[in-house]
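Peer 1: pasted the sequence and its predicted model underneath.
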There are 2 protein chains.
Amino acid sequence: MGTTLLILSKLESEYAALVRAAALPGIDEIRTSPSPECEVVLGEPHRIRDALAQLPSLRWAQCVWAGVEPLVDPALRRDYALTNARGVFGGLVAEYVFAYLLLRERRVMGRLEAQRGGRWDSAITGTLRGKAIGLLGVGSIGAALARAAKLFGMRVLGYTRVREACPHVDGFFHGEGLLDLARGSDYLVNTLPATPATRRIVGAEVLAALPPGAWFVNVGRGSAVDEAALVRALEGGALGGAVLDVLEQEPLPAGHPLWRTPNTFITGHTCAPSFPADIVRLFADNYGRYLRGEELEHRVDFERGY
Amino acid sequence: MGTTLLILSKLESEYAALVRAAALPGIDEIRTSPSPECEVVLGEPHRIRDALAQLPSLRWAQCVWAGVEPLVDPALRRDYALTNARGVFGGLVAEYVFAYLLLRERRVMGRLEAQRGGRWDSAITGTLRGKAIGLLGVGSIGAALARAAKLFGMRVLGYTRVREACPHVDGFFHGEGLLDLARGSDYLVNTLPATPATRRIVGAEVLAALPPGAWFVNVGRGSAVDEAALVRALEGGALGGAVLDVLEQEPLPAGHPLWRTPNTFITGHTCAPSFPADIVRLFADNYGRYLRGEELEHRVDFERGY
């Protein structure tokens, strides 16, 4: 007997077409609404959460995003394998982060303003070479950032719970070492998942430890940041700039001070979209493991939360 | 008897201090104005040109820039070794080029406009991955661009006279193949030196061959571009954008249409400044060769012009 695949996504028809094109063995039916016989589900975590009660046969849920917060709520069932999307976002996040780091060093905004005024601006430029990037989290996204940073001649500092396996990292920091990492970072980039341990990890103390004029980039989760402290650091000028793809509340509410703090870029959670073709490749690969009864890749630890 | 080094630069005191700190053997004196005994000169090409008549003992001139046009004029003497600065600009040019390529893909300007209007802009982003970059010239600068392009998952096309030695290039084009390269390039980047052969190489025909919406970046020399054709391509919308560090006339004259053509960035010849520490490292290395009577690195061929 074959498998019924349930797709729960705002892009359900695109995902269904890609899964059909992949011609995965044993998938008898693709559904887009829950039914009791569904064993496997592919979709966005909040949609999967809303369907959990209607999926008595659920054995495996593959999320199309990296963040799976809606599903690791301790009140919910954990009697199935949960996998997230990993390894497909690193390149996109590197494009995003370096777009803004280079924009800053190359004085893109200042030169554009000069141009609009008809002024030939030949003021010298900055360079990433020799500057330090501090990465909060050195999983697959941190690794992609470290690799790009090395290409541009930067020093790379990495903050991690335990593991020191990430290549291209010049120095690892743990626990209280966070402040030492901050002191050495011209750019601080948060890639951490939302967990109780990462909540407001970037607060007044970390921001104050950064060198004057440093920039902060958040591509992880908004919960990692004390936004009131961030606004103060930006308005006081101690922090040179902030690039915020994620925020405590999304969309950022009208009237929130971050809309208007100086040198702040708000980018609407667009840093690393899940391109369905990437996700279906990852799903097809994991589906092979599922059929063969092997351990799935990118398995989420419900306790740890990622 | 030792060597008298002549430094002819707007940064003469910085260069002199760095050369002194390098403690090069046999340099008896560092001068900043020409005298008959000077054998070796380090400086900007136009300043060296102006001093040529006062330097009867000149044996070697090391330019601090890549471009040496003022010194390859056929009317001038060629009885000395001319070397330029090479191999130190690749990283800087890569920072510049990718700043603007990423700015375009990540819709940085559009998102900033949304932010200023208090709008949460979650429109999907572009990506460099899978796009093609066409490099006019694949010397050391082209090689640095090709390497960065590969990091971002791009295809790399290279236009060169003869040599096909540059790594990270997926396809080489020569002569009339220029139009084929243009047809396949989402981004066309000129890195060529100013020579009679490269004059207006980017004209109406090449611009028309680019895919609709392609961008053109010039980090070589302004003479490579037919600026009137470029303005027409930008105003007509066939060309998506242009990033111009160099122009036919610099500074760009007041009232020139390129100040106001759409999607055009004018950056005042700031792409790859000669940082004196880099140049003195290169000079010290070449000075060792000079002392030992070896062939100098980065020797300019007066006929070829680079």
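Peer 2: Received the coordinates, thanks. Residues are numbered from 1 along each chain as shown, chains lettered A, B, ... in the order given.

Peer 1: for chain B, what's the nearest residue on the stretch 151-300 of chain A?
Peer 2: Nearest residue of the stretch 151-300 of chain A to chain B: A:P251, at 3.5 Å (CB to the nearest CB). (C-beta placed from N, C-alpha, C; glycine too.)

Peer 1: may I have the secondary structure class of that residue?
Peer 2: Put simply, A:P251 is coil when judged by DSSP: H, G, I helix; E, B strand; the rest coil.

Peer 1: that one reaches A:I266, doesn't it?
Peer 2: No - A:P251 is beyond contact range of A:I266, at 9.4 Å (criterion: CB atoms under 8 Å).

Peer 1: more neighbours: which of the two?
Peer 2: Under the neighbour definition other CB atoms under 10 Å in any protein chain shown, A:P251 and A:I266 were set side by side, and A:I266 has more, 25 against 14.

Peer 1: how about the more buried one, nearest residue that isn't a chain neighbour?
Peer 2: Spatially, and ignoring its direct neighbours in sequence, A:I266 is nearest to B:Q115 (4.8 Å; CB to CB, 6 or more residues apart in numbering or on different chains).

Peer 1: can you check A:A16 too?
Peer 2: Nearest one to A:A16, counting by CB to CB, 6+ apart, is A:I30 at 5.1 Å.

Peer 1: so what pairs up with that neighbour in the strands?
Peer 2: Beta-bridge pairing for A:I30 (DSSP bridges): A:L5.

Peer 1: correct me if wrong: it contacts A:L5.
Peer 2: Yes - contact criterion CB under 8 Å: A:I30 and A:L5 qualify, at 5.0 Å.

Peer 1: list the buried residues of stretch A:127-140.
Peer 2: The neighbour-count check on stretch A:127-140 (16 or more other CB atoms under 10 Å in any protein chain shown) flags A:127-128, A:131-140 as buried.

Peer 1: need the helices for chain A, in chain order.
Peer 2: A:12-22, A:45-51, A:90-105, A:108-116, A:140-151, A:178-183, A:204-209, A:227-236, A:276-291 (DSSP state H).

Peer 1: in a markdown table: these, plus mean pLDDT.
Peer 2: As requested, the helices of chain A are arranged in a markdown table below (pLDDT from 0 to 100):
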| stretch | mean pLDDT |
| --- | --- |
| helix A:12-22 | 97 |
| helix A:45-51 | 97 |
| helix A:90-105 | 98 |
| helix A:108-116 | 97 |
| helix A:140-151 | 97 |
| helix A:178-183 | 98 |
| helix A:204-209 | 98 |
| helix A:227-236 | 98 |
| helix A:276-291 | 97 |
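
Peer 1: so which of these gets nearest B:R20?
Peer 2: helix A:90-105 (29.9 Å; CB to CB).

Peer 1: report all helices and strands that the closest one contacts.
Peer 2: helix A:140-151, strand A:215-218, strand A:241-244, helix B:90-105, helix B:108-116 (3 or more CB pairs under 8 Å, 6 or more residues apart in numbering or on different chains; DSSP states H and E).

Peer 1: using JSON lines, lay out those together with distance to B:G240.
Peer 2: JSON lines is the format used below for the helices and strands packed on helix A:90-105 (distance: least, CB to CB, whole Å):
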{"stretch": "helix A:140-151", "distance to B:G240": "24"}
{"stretch": "strand A:215-218", "distance to B:G240": "27"}
{"stretch": "strand A:241-244", "distance to B:G240": "24"}
{"stretch": "helix B:90-105", "distance to B:G240": "8"}
{"stretch": "helix B:108-116", "distance to B:G240": "13"}
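
Peer 1: contacting residues around the residue of the stretch 151-300 of chain A closest to chain B?
Peer 2: A:P251 makes contact with A:268, B:120, B:122, according to CB atoms under 8 Å, 6 or more residues apart in numbering or on different chains.
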